[in-house]
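# sequence plus predicted model, see below.
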Amino acid sequence: MSKKFLLVFLLLLTVSILSGCEQKGKSTGPALVKVGKSEITQDSFLKEISRIPEWAREQFTGKEGKEKLLDEIIKRELVYQDAKKMKLDKDPEYLEKVKEFEKMTLIALILKKEVEDKAKVDDAEVKEFFDKNADKFTIGTKIRASHILVETEDQAKKIRERIRKGESFEKMAETYSKDKGSASKGGDIGYFGSGQMVPEFERAVMGLKTNEISEPVKTRFGYHIIKLADVAKGETASFEQSKEPIRKQLLAEKQKGLIDSYIGNLMKKADIKKNEDALASTPLPWEKKQGK
């Protein structure tokens, strides 16, 4: 099998896995081919086509493209049938993977229902945000900031209070920040442009004045105390140039708020009993290696 066709085969295999492998319900339309006792129908063939990403569709156009796609589906079906003959569908490893796949699929579906489908950003919200922050939307603008990254909100609040009372931001960063790359430079993360930081961090920076210290800002990395050092402005951007980045930022923030609220409510209702002693005595593989 050539590299090109191996890529096609692996692509179709991956697409099949990500879309749920076998189709539920009866396939319709005429059979395009029979592989043993199984049929590949026109309906199932078209469903395969619909799942192929746009960048790969060009090689499946025209008569030759359809023939090639059908050949690759046949190969995949032969491999599947051989695995069934070997009774690999009864293998404990397979059954464990099926359970994990079912779990992850259900999680993805409920998050789509509770987060993606509910998080909407309309044009009015985007325009309102732009109007309030128009001076901050520029092309080529670079922002320089410093931050102190810690695990908990309580830690962040205590450190911020110490800075507010006169202690050095730079010393606090060197001592407490878990971002060791910037901690050694007093928290300085240098200049960065739009889209280079997570949305919560960028929005917090945009709301600061030079040398102002932020309230604790939560991101997936932990809690940040941010200090704006400098703004090197580029050209002023129009609403048309700014609206899509704004929409993405607002959408990401809405999704984060929804997922935090959804999981927070589950945590409040749940009966969770942690065994701290068992957790503490559980060795991690990389810890074992380091201990050798």
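Perfect, I can see it now.

# output the lowest mean pLDDT helix or strand found in this protein.
Between all helices and strands in the chain, the lowest mean by mean pLDDT, DSSP states H and E belongs to helix 3-18, at a mean of 49.

# how is the protein carved up into domains?
When the chain is parsed with automatic domain parsing, its domains come out as 3-90, 142-232.

# list the buried residues in stretch 257-276.
Neighbour counts over stretch 257-276 (16 or more other Cβ atoms under 10 Å) mark 258, 262 as buried. For every residue, glycine as well, the C-beta is placed using N, CA and C.

# which pLDDT value goes with Thr27?
Check again: residue 27 is Ser, not Thr. Looking at Ser27, its pLDDT is 57.

# quick one on the thing from earlier: which of the domains of the chain is buried the deepest?
Mean neighbour count (mean count of other Cβ atoms under 10 Å) peaks for domain 142-232 among these, with a mean of 17.

# and that one, end to end?
The straight-line separation of the ends of domain 142-232 (Cα to Cα, to the nearest Å) is 5 Å.

# what of stretch 179-193?
Start and end residues of stretch 179-193 are separated by 19 Å (Cα to Cα).

# just checking, next helix/strand downstream of the least confident helix or strand of the chain?
Using DSSP states H and E, the next helix or strand after helix 3-18 towards the C-terminus is strand 31-35.

# which strands or helices does that next one pack on?
With contacts taken as 3 or more Cβ pairs under 8 Å, 6 or more residues apart in numbering; DSSP states H and E, strand 31-35 sits against strand 38-41, helix 42-51, helix 62-85.

# pLDDT on that strand, on average?
89.

# what's the answer for stretch 82-90, then?
Rounded mean pLDDT across stretch 82-90 is 93.

# want to throw the helices and strands packed on strand 31-35 into JSON lines with distance to Gly193?
Conversion of the helices and strands packed on strand 31-35 to JSON lines gives the following (distance: least, Cβ to Cβ, whole Å):
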{"stretch": "strand 38-41", "distance to Gly193": "49"}
{"stretch": "helix 42-51", "distance to Gly193": "35"}
{"stretch": "helix 62-85", "distance to Gly193": "41"}
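
# do you know which of these lies nearest Leu106?
helix 42-51 (20.2 Å; Cβ to Cβ).

# now the angle from the closest one to helix 62-85?
100 degrees (axes from the mean of the first three to the mean of the last three Cα atoms, to 10 degrees).

# I'd like the next helix or strand past helix 42-51.
Using DSSP H and E, the helix or strand that follows helix 42-51 in sequence is helix 54-57.

# as CSV, could you dump the C-alpha coordinates of stretch 169-176?
Once non-C-alpha atoms are left out, stretch 169-176 reads as follows in CSV (Å, rounded to 0.1, in the frame of the first residue of the first chain):
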residue,chain,number,x,y,z
PHE,A,169,5.0,42.8,42.2
GLU,A,170,8.3,41.5,40.7
LYS,A,171,9.4,39.9,44.1
MET,A,172,5.9,38.3,44.5
ALA,A,173,6.2,36.8,41.0
GLU,A,174,9.7,35.4,41.7
THR,A,175,8.6,33.9,44.9
TYR,A,176,5.1,32.6,44.2
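
# for it, which outside residues touch it?
Defining contact as Cβ atoms under 8 Å, 6 or more residues apart in numbering, one finds that stretch 169-176 is touched by 146-148, 150, 155, 159, 162-163, 182-184, 186-187, 213, 225, 227.

# all helices for the chain, in order.
3-18, 42-51, 54-57, 62-85, 92-111, 123-132, 153-164, 169-176, 180-183, 199-206, 239-269, 276-280, 285-291 (DSSP state H).

# kindly reformat the domains of the chain as a markdown table containing distance to Leu284.
Formatted as a markdown table, the domains of the chain follow (distance: least, Cβ to Cβ, whole Å):
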| stretch | distance to Leu284 |
| --- | --- |
| domain 3-90 | 29 |
| domain 142-232 | 18 |
